[in-house]
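**Student:** based on what follows, work out the 3D shape:
(chains A and B)
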There are 2 protein chains.
Amino acid sequence: MTEDATTAVKSVLDALCFDANGLVPAVAQQHDTGEVLMLAWMNRDAVAETLTTGRVCCWSRSRGRLWRKGETSHQVQPLRELRVDCDGDTILLRVEQEGVACHTGRRACFYRAVRDGALVEIAAPLIDPEKLYG
Amino acid sequence: MTEDATTAVKSVLDALCFDANGLVPAVAQQHDTGEVLMLAWMNRDAVAETLTTGRVCCWSRSRGRLWRKGETSHQVQPLRELRVDCDGDTILLRVEQEGVACHTGRRACFYRAVRDGALVEIAAPLIDPEKLYG
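**Tutor:** Here you go, the predicted structure:
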């Protein structure tokens, strides 16, 4: 670990308030377009690994383990910048998303929106999920 | 409530999976610039009120009650669009933020970022918090 990474990890962990499960929500945003891609969760180890490797690593609540974003799908998220909010209970990950962020094959997870009184799909899959995980 | 609002509330509530506390995280994003402003939490009543009134209403975990964004500070968040993610466990609120979103008087809550191995402030308050809440 470089000295910068070591001090960055300490600086960020000191600023964060993890919840009762040791997690904070992390919003992933495409750094140049501003698109909100997904919301994930991070524990202390995930924050440390993300800052050290420069690739987003989260905590999978369903699998109960660290989850290197793209480890199966190859749709990795190189980190451009990590931000912390006022209360230290949310992280903003500004990333360079390669391919798609959503397990459905869509660019972003927020592909349903209210239109004329109904929740409808506003984005189609760009990749067949079978190709990502099959 | 208009017919559209009634069916929108039902459509969105049916799609959401609330956590054990009856809440889901909600990311507020400025609709035109893409800026991520804050992360708040919503329960069923907050979702229903937001869709019905067109102004963001959240659940304040610290106060244990509904919190109409801007009720004290007047920095309201008219809703432009509500989106739901793939798993139905996160909401994206695309808003027209009036003034500042953060209680510190800054435009957005994510005003600290890692730079050269340290977490530093990258945005200054635009309004004295004393003027917002004093």
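**Student:** pull up the pairing partners for the one helix or strand A:Pro25 maps to, direction included.
**Tutor:** Applying DSSP states H and E as the criterion places A:Pro25 in strand A:24-30. Strand pairing for strand A:24-30, using DSSP bridges, gives strand A:36-42 (antiparallel), strand A:91-95 (parallel).
**Student:** I'd say A:Gln75 and A:Val95 touch.
**Tutor:** No - if you go by Cβ atoms under 8 Å, A:Gln75 and A:Val95 don't touch, sitting 10.9 Å apart. (Glycine included, C-beta is placed from N, CA and C.)
**Student:** tell me the centre residue of chain A?
**Tutor:** A:Ala28 (4.3 Å; Cα atoms, centre = their mean).
**Student:** what residues are bridge-paired with it?
**Tutor:** In beta-bridge terms (that is, DSSP bridges), A:Ala28 pairs with A:Met38, A:Leu93.
**Student:** now swap in A:Cys58 and tell me
**Tutor:** Going by DSSP bridges, A:Cys58 forms beta bridges with A:Trp67.
**Student:** stretch A:106-116: which residues count as buried?
**Tutor:** A:106-114 (16 or more other Cβ atoms under 10 Å in any protein chain shown).
**Student:** same deal with stretch A:13-31?
**Tutor:** So for stretch A:13-31, counting by 16+ other Cβ under 10 Å, buried means A:16, A:23-31.
**Student:** over to stretch A:72-86?
**Tutor:** Under 16+ other Cβ under 10 Å, the buried positions of stretch A:72-86 are A:73, A:75-77, A:79, A:82-86.
**Student:** tell me where chain A has helices.
**Tutor:** A:3-15, A:44-53, A:129-133 (DSSP state H).
**Student:** just name the most buried of those helices.
**Tutor:** helix A:44-53 (a mean of 19; mean count of other Cβ atoms under 10 Å in any protein chain shown).
**Student:** now render the strands paired with strand A:24-30 as TSV, adding mean pLDDT, distance to B:Asp45 and mean neighbour count.
**Tutor:** Shown next, in TSV, are the strands paired with strand A:24-30 (pLDDT from 0 to 100; distance: least, Cβ to Cβ, whole Å; neighbours: other Cβ atoms under 10 Å in any protein chain shown):
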stretch	mean pLDDT	distance to B:Asp45	mean neighbour count
strand A:36-42	98	21	24
strand A:91-95	98	27	24
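**Student:** for A:Gly64, see how far away whichever residue of chain A sits closest to chain B is.
**Tutor:** For chain A, the residue closest to chain B is A:Gly34, as judged by Cβ to the nearest Cβ, at 2.1 Å. Separation of A:Gly34 from A:Gly64 (Cβ to Cβ, to the nearest Å) stands at 32 Å.
**Student:** again, but for A:Glu98
**Tutor:** With Cβ to Cβ as the criterion, A:Glu98 and A:Gly64 are 26 Å apart.
**Student:** looking at the two, which is more packed in?
**Tutor:** Comparing A:Glu98 with A:Gly64 by other Cβ atoms under 10 Å in any protein chain shown, the one with more neighbours is A:Glu98, at 14 against 8.
**Student:** since that was my last question, I'll sign off now.
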